[in-house]
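Visitor: here is my input; please provide its structure:
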Amino acid sequence: MNDAHPTDARPILVFATHNPNKVRELQEMLGDQYQIQSLTDIGCHEEIVEDAPTLEGNAQIKARHVVEHYGLDCFADDTGLEVEALDGAPGVFSARYAGTHGDAEGNMTKLLAELERVGATTRPSRKAQFRTVICLIQEGKERLIEGVCKGVIEESRSGAKGFGYDPIFTPDEHHCTFANMSPEEKNAISHRGRAVRNMVNMLT
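Guide: Just a heads-up that it's a prediction; the model follows:
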């Protein structure tokens, strides 16, 4: 394990990601209580196959892998877009809905086509929610933490910020898509922001 702070007395909490920006964000939110480390920091470079049929299952796979192989407390997250008219799809397959992982344009095109196919043409019929699930394993105890943001799927793309389905998702009580919001505006109401704050409140 790569311990960047050999004299740091804070307990280590691994965030099952290689994204340094996500780690930095969580470190700022948790302050000095924990030392947040990424998968890169602990030398975890093997592929962790996320093949569970649920968001909860994928988050558990990642967190349990770190605990079992590296002996460190860990949390991991998974996120999906759940559309009411499509019986909760794309859900756990959100990132690869069109077939290729991370193909945002393809995913949005397929989703809009599917909504048209089932005749979901009015705003009430296009209800959807983003849902983030965090699996936190600390001192041998496993907990699932959730964050949800409800909204609707627009008929066309709008906005250039964000990623994934952001250009076609408008959260409830707002008049623009996630892709039209600043990162600060989005994080204040987003599913992931809510899940993370719920975890931070639990840890602090």
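
Visitor: can you give me the helices in this structure?
Guide: With DSSP state H, the ranges of helices along the chain come out as 20-30, 55-70, 104-117, 183-189, 191-203.

Visitor: can you give me the buried ones in the first one?
Guide: Neighbour counts using 16 or more other Cβ atoms under 10 Å place Lys22, Val23, Glu25, Leu26, Gln27, Leu30 of helix 20-30 among the buried residues. Any C-beta I mention is one placed from the backbone N, CA and C, and that applies to glycine too.

Visitor: run a quick neighbour tally on Pro167.
Guide: 21 (other Cβ atoms under 10 Å).

Visitor: ok, it - contacts?
Guide: Counting by Cβ atoms under 8 Å, 6 or more residues apart in numbering, Pro167 touches Met108, Arg157, Ser158, Gly159, Ala160, Thr177, Phe178, Ala179.

Visitor: restricted to strands, list those.
Guide: Among the contacts of Pro167, DSSP state E puts none in strands.

Visitor: closest to Lys150 out of those residues?
Guide: Nearest to Lys150 out of those is Phe178 (Cβ to Cβ; 12.7 Å).

Visitor: for the closest one, which residues are in contact?
Guide: Contacts of Phe178 by Cβ under 8 Å, 6+ apart are Gly159, Lys161, Gly162, Tyr165, Asp166, Pro167, Phe169, Thr170, Pro171, Lys186, Ser190.

Visitor: what is the burial count for Ile12?
Guide: 18.

Visitor: ok, now the one 5 residues further on?
Guide: Residues within reach of Thr17, counting by other Cβ under 10 Å, total 17.

Visitor: still on that earlier bit, same list (the helices of the chain) but as TSV, adding mean pLDDT and distance to Glu139.
Guide: Listed next are the helices of the chain as TSV, based on pLDDT from 0 to 100; distance: least, Cβ to Cβ, whole Å:
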stretch	mean pLDDT	distance to Glu139
helix 20-30	87	16
helix 55-70	98	10
helix 104-117	98	38
helix 183-189	91	29
helix 191-203	93	12
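
Visitor: buried deepest among these, which one?
Guide: helix 55-70 (a mean of 19; mean count of other Cβ atoms under 10 Å).

Visitor: what's the angle between it and helix 191-203?
Guide: 50 degrees (axes from the mean of the first three to the mean of the last three Cα atoms, to 10 degrees).

Visitor: just how off-centre is helix 55-70 within its chain?
Guide: Going by Cα atoms, centre = their mean, to the nearest Å, the spacing between the C-alpha centre of helix 55-70 and its chain's C-alpha centre is 15 Å.

Visitor: who's Leu144 bridged to?
Guide: Cys135 (DSSP bridges).

Visitor: is it true that it touches Asn58?
Guide: No. With contact defined as Cβ atoms under 8 Å, Leu144 does not count as touching Asn58 (11.7 Å).

Visitor: now Val49. Nearest residue, chain neighbours left out?
Guide: Closest residue to Val49 apart from its sequence neighbours, by Cβ to Cβ, 6 or more residues apart in numbering: Ile61 at 7.4 Å.

Visitor: where does this structure dip in pLDDT?
Guide: Low-confidence segments of the chain (pLDDT under 70): 1-7.
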